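Asks: Pasting the sequence and the predicted model now:
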Amino acid sequence: MRLGSALICSVAVALLACGGDEPSRAEPEIETVLLISIDSLRADRLGAYGHSAPTSPTFDRLAAEGLLFTRAYSTTSWTLPSHAAMLSGLDDYAHGAYEALSPISGGVMTLPLRLAKVGIKSTGFFAGPFLHPSYGFARGFEQYIDATSYGWKARGGIGKYVPHTASHQDVTNPIVLEKVAAWLDDEAAAGPDTRRRSFVFIHLWDVHYDYIPPPEYVKIFDPDYEGTLDGRGVLENPRIQPGMPARDLQHLLALYDAEIRYTDDTVARLLELFDARGMLETSAIIITSDHGEEFFDHGRFGHGLTLNEEVLRVPMIVWLAGRRPARSTTDRVVSHIDIVPTVCELFAVDCRYDGLGDSLLPDYLEESPMASRGDALAEITNPLFDLDLTARVDSEGTLLSENRSGQLTYGPFRGPGAPEGSFSVNGKKLARYPEAVREAVLGIRERSTNAREQGARIRGAEEPGDQPIDPDTLEQLEALGYLDGKERGSEGGPDATDSAPGALR
């Protein structure tokens with residue numbers, strides 16, 4: 001991680017009086033850092049990333065005024081581990097939340113915990129099951145607010161026989177708006193004397209399947225569709241499969257686009273709420289996604305079973321109020337683990353973070369920032385599907401490792417949307433390959449090994465019983481269909497309902 005007093009001075013001229021032996025603290029330039037994570041949003045369905053349909057006017061405006069990272073990658077292809085990486089700055093095997101029954105390890109210092117130590121408060125809003133407090137996400141947040149409609153802990157509302165589709169059928173954007181507005185009103189009512197610098201995390205769920213946007217949004221993207229396919233129950237729908245009629249697939253993508261536009265408009269309304277209270281003018285915004293989505297790009301639908309580009313590449317936009325970036329885009333490879341040091345540097349505080357993540361602020365402020373880590377690691381394990389994959393992305397290409405068989409596949413980077421041209425790699429005869437391939441093989445081994453060793457050290461330092469998932473949560477995960485009852489007490493992974501392609505179930 002790169003930290004530097006010179007950079008902090010450049011970021012927040014009003015925050016620190018740079019120079020001299022005793023820098024004095026002035027009125028902060030950045031009062032609020034807003035991290036917005038849109039579930040299941042693949043980058044190439046946004047206008048800023050080249051999509052032609054009008055899915056994202058708000059995101060596009062923020063990208064035009066801020067900095068767009070063209071090669072940002074998730075640490076996996078499903079919700080739980082990627083958000084744990086965002087809020088810990090650690091690779092998945094290091095933070096520990098890489099399976100469906102695995103919360104963030106008790107010894108992990110999350111971003112809100114780090115910020116609390118320097119007097120910055122954190123508030124979070126979550127709208128999907130895998131961000132539940134039982135996974136450790138609430139640590140350090142002064143308020144961590146449930147924006148689901150099915151009432152995670154409402155014992156009268158959730159029981160053993162509730163259909164597993166409850167979360168997939170949920171429409172949460174209006175709830176998030178209501179909860180955020182109520183929180184902002186409470187903050188205003190408390191008076192200016194109680195106001196503190198704030199980190200605000202908002203998780204938006206509705207782009208995640210099922211695809212049930214308001215009808216007026218469907219009309220924007222596919223007004224002439226006369227078929228009968230809709231976006232409900234997509235995982236169980238036998239019509240959604242490889243080789244499905246092209247017109248129906250086009251409509252499925254239109255429904256996905258409609259959900260994106262609906263969520264983009266929700267973000268616009270969220271920003272209006274902050275602006276109406278005078279907070280936007282002293283804010284920084286980071287927008288990203290936990291993972292993308294597959295629409296049979298490689299024969300599968302959904303997420304959570306592969307580490308292909310369409311599920312790993314995510315949007316990443318950084319916007320600072322009143323400050324244009326030194327350039328509008330960068331193709332540096334970045335990762336979710338870079339968010340923690342970025343937030344700390346935006347606040348111009350030392351969070352005592354010593355992970356591999358690099359602040360994204362140098363890219364925003366400097367024409368030619370110093371070289372940094374330059375790669376992204378992604379992993380996924382799922383015993384139910386005998387799945388154990390690792391991928392490493394760098395500026396030259398992507399190396400995928402099928403860890404059970406030892407098979408390695410390398411794809412040179414030729415630009416977004418370009419043909420892959422992937423080829424198999426014999427890890428025992430690396431001398432025959434170009435330098436980029438050799439470095440990729442060595443890099444993937446080093447990064448993955450280090451993450452696993454770091455995770456083992458963190459877990460080894462925990463007290464017994466530090467991080468169980470409580471029985472109520474286990475029962476409700478099972479009721480929602482995220483666990484098979486026989487998985488209790490055994491290893492789990494992202495389950496069939498949250499990740500498996502419907503055509504393969």
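Replies: Cool, got the structure.

Asks: Adjacent strands (with direction) for the helix or strand where residue 37 lies?
Replies: If you go by DSSP states H and E, residue 37 is part of strand 32-38. Using DSSP bridges, the strands paired with strand 32-38 are strand 198-204 (parallel), strand 283-289 (parallel).

Asks: Of all those, which one is nearest residue 269?
Replies: Residue 269 sits nearest to strand 198-204 of all the strands paired with strand 32-38, at 11.4 Å, using C-beta to C-beta. Glycine gets a C-beta too; all of them are placed from N, C-alpha and C.

Asks: and the closest one, how far from the chain's centre?
Replies: Mean C-alpha position of strand 198-204 versus that of the full chain (C-alpha atoms, centre = their mean, to the nearest Å) differs by 12 Å.

Asks: average model confidence for it?
Replies: Average pLDDT, strand 198-204: 98.

Asks: residues making contact with that strand?
Replies: Contacts of strand 198-204 with the rest of the structure, by C-beta atoms under 8 Å, 6 or more residues apart in numbering, involve 31-39, 83, 87, 111-112, 115, 120-128, 131, 141, 147, 172-173, 176, 180, 263, 266-267, 270, 343, 347.

Asks: got it, and stretch 404-421?
Replies: For stretch 404-421, the external contacting residues (C-beta under 8 Å, 6+ apart) are 44, 49-50, 70, 309, 313, 386, 388, 395-402, 422-427, 433, 436-437, 440-441.

Asks: Which among the residues you listed count as buried?
Replies: 49, 70, 309, 313, 388, 396-401, 425, 433, 437, 440-441 (16 or more other C-beta atoms under 10 Å).

Asks: so which of those comes closest to residue 245?
Replies: Of all the buried ones among the contacts of stretch 404-421, residue 309 has the smallest distance to residue 245: 25.1 Å, by C-beta to C-beta.

Asks: That closest one - nearest residue in space that isn't next to it in sequence?
Replies: residue 398 (7.2 Å; C-beta to C-beta, 6 or more residues apart in numbering).

Asks: what's near enough to touch the one you found?
Replies: 309, 391-392, 410-411, 413.

Asks: got a pLDDT number for it?
Replies: 96.

Asks: Check residue 370 too.
Replies: 81.

Asks: same deal with residue 149?
Replies: 89.

Asks: Kindly report the same for residue 286.
Replies: You'll see residue 286 listed with a pLDDT of 98.

Asks: Do I have it right that residue 331 meets residue 71?
Replies: Yes - taking C-beta atoms under 8 Å as the definition, residue 331 is a contact partner of residue 71 at 5.3 Å.

Asks: In terms of neighbours, single out the busier of the two.
Replies: Set residue 331 next to residue 71 and count neighbours by other C-beta atoms under 10 Å: residue 71 wins out with 20 against 13.

Asks: number of nearby residues for residue 449?
Replies: 11.

Asks: element containing residue 353?
Replies: Residue 353 belongs to no helix or strand, assigned by DSSP H and E.

Asks: so what's the residue most central in space within the chain closest to, chain neighbours aside?
Replies: Most central in the chain under C-alpha atoms, centre = their mean is residue 290, positioned 2.4 Å from the mean C-alpha point. In this structure, residue 290 finds its nearest non-sequential neighbour in residue 82, 4.0 Å apart by C-beta to C-beta, 6+ apart.

Asks: average pLDDT across the host helix or strand of that neighbour?
Replies: Element membership for residue 82, per DSSP H and E: helix 79-88. Helix 79-88 shows a mean pLDDT of 97.

Asks: where do the helices sit along the stretch 201-350 of the chain?
Replies: 215-221, 246-276, 309-312, 339-346 (DSSP state H, counting those that start in this stretch).

Asks: related to what we said a few turns ago, hmm, who's touching whichever helix or strand comes after the helix holding residue 82?
Replies: Once the chain leaves helix 79-88, the next helix or strand it forms, by DSSP H and E, is helix 92-95. Helix 92-95 is contacted from outside by 75-76, 81-82, 84-85, 88, 98, 104-105, 108, 355, 378-379, 448, 450-452, 454-455, 458, using C-beta under 8 Å, 6+ apart.

Asks: Just the buried residues from those, in ChimeraX please.
Replies: In ChimeraX, a selection of the buried entries from the contacts of helix 92-95 looks like this (16+ other C-beta under 10 Å):
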select :75,76,81,82,84,85,88,98,104,105,108,355,378,379,448,451,454,455,458
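
Asks: Now intersect the contacts of helix 92-95 with the helices, please.
Replies: Here DSSP state H is the test, and those give 81-82, 84-85, 88, 448, 450-452, 454-455, 458 as lying in helices.

Asks: pLDDT at residue 465, what is it?
Replies: You'll see residue 465 listed with a pLDDT of 51.

Asks: ok, residue 438 - how many residues close by?
Replies: Residue 438 has 14 nearby residues by other C-beta under 10 Å.

Asks: what does residue 361 give?
Replies: Under the criterion other C-beta under 10 Å, the count of neighbours that residue 361 has is 28.

Asks: again, but for residue 275
Replies: Neighbours around residue 275, by other C-beta under 10 Å: 13.

Asks: can you pull the contacts of it?
Replies: Counted by C-beta under 8 Å, 6+ apart, residue 275 has contacts residue 281.

Asks: do you know how far it is from residue 321?
Replies: Distance, residue 275 to residue 321, using C-beta to C-beta, to the nearest Å: 10 Å.

Asks: Need the overlap of contacts for these two.
Replies: Joint contacts of residue 275 and residue 321 (C-beta under 8 Å, 6+ apart) are residue 281.

Asks: got a winner among the contacts of residue 398 for most neighbours?
Replies: That'd be residue 392 among the contacts of residue 398, by other C-beta under 10 Å, with 28 neighbours.

Asks: doesn't residue 447 make contact with it?
Replies: Yes - at 6.1 Å, residue 392 and residue 447 qualify as touching, with contact defined as C-beta under 8 Å.

Asks: which residues are in contact with both of these two?
Replies: Common neighbours of residue 392 and residue 447 (C-beta under 8 Å, 6+ apart) are 375, 377.

Asks: for the ones in helices among the contacts of helix 92-95, which one is nearest residue 216?
Replies: residue 82 (30.8 Å).

Asks: Where does pLDDT dip in the stretch 101-250 of the chain?
Replies: 151-165, 193-194 (pLDDT under 70).

Asks: Sketch out the strands for it, chain order is fine.
Replies: Per DSSP state E, counting those that start in this stretch, the stretch 101-250 of the chain has strands spanning 121-126, 143-146, 198-204. These are given in chain order.

Asks: Just put the ones you listed in CSV and tack on mean neighbour count and distance to residue 237.
Replies: Converted to CSV, these look like this (neighbours: other C-beta atoms under 10 Å; distance: least, C-beta to C-beta, whole Å):
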stretch, mean neighbour count, distance to residue 237
strand 121-126, 24, 27
strand 143-146, 18, 29
strand 198-204, 24, 24
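
Asks: Could you export the ones you listed to JSON lines, including columns for distance to residue 279?
Replies: Listed next are these as JSON lines, based on distance: least, C-beta to C-beta, whole Å:
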{"stretch": "strand 121-126", "distance to residue 279": "12"}
{"stretch": "strand 143-146", "distance to residue 279": "16"}
{"stretch": "strand 198-204", "distance to residue 279": "9"}
